[in-house]
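# can't give you the sequence, but here's the structure:
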């Protein structure tokens with residue numbers, strides 16, 4: 001007897017998060033979360049959740065305008081993977097190398113931000129979801 005096993009279906013789509021790898025003069029822009037946010041004072045790459053009906057690249061552009069006051073950000077996808085924070089639903093992290101944008105990045109929402117060379121990223125206390133990317137990227 002042959003039985004077809006179908007995957008479990010869920011009404012809930014996996015949350016997608018677009019993260020920007022913005023490079024300038026061999027350095028990467030990293031941002032530190034505020035003390036009152038989830039993952040307080042952890043470092044991360046700018047970006048955020050993809051809204052319903054929004055493409056990841058569109059979300060990236062919108063988030064960078066909201067967080068850094070830069071417009072028209074475009075880039076190419078570097079990698080993506082699923083990550084699950086303890087007690088949460090899995091998320092899909094999508095990392096983009098941002099190649100073009102208008103304006104100069106300025107801090108609108110973060111505790112602080114700085115430009116660091118890729119080999120130093122492992123020295124910062126990043127949100128756990130970014131660690132696999134950092135290990136690969138800074139190697």
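It's in. In this text, all values refer to a predicted model and were calculated from it rather than measured experimentally.
# which residue packs closest to residue 81, ignoring adjacent ones?
residue 93 (5.9 Å; Cβ to Cβ, 6 or more residues apart in numbering). Where C-beta positions appear, they are placed from N, C-alpha and C, glycine not excepted.
# would you say that neighbour is within a strand?
Yes. Residue 93 sits within a strand when classified using DSSP: H, G, I helix; E, B strand; the rest coil.
# you'd agree it is up against residue 128?
No. With contact defined as Cβ atoms under 8 Å, residue 93 does not reach residue 128; the gap is 10.8 Å.
# Now do the shared contacts for these two.
Listed as contacting both residue 93 and residue 128 by Cβ atoms under 8 Å, 6 or more residues apart in numbering are residue 83.
# Residue 26 versus residue 93, what's the distance?
24 Å (Cβ to Cβ, to the nearest Å).
# which of those two has more neighbours?
Taking other Cβ atoms under 10 Å, residue 93 and residue 26 do not tie; residue 93 has more neighbours (22 against 10).
# Give me the below-cutoff pLDDT ranges for the protein.
1-12, 139 (pLDDT under 70).
# For it, which segments count as helices?
Remark: helices assigned in the chain by DSSP state H are 56-68, 131-137.
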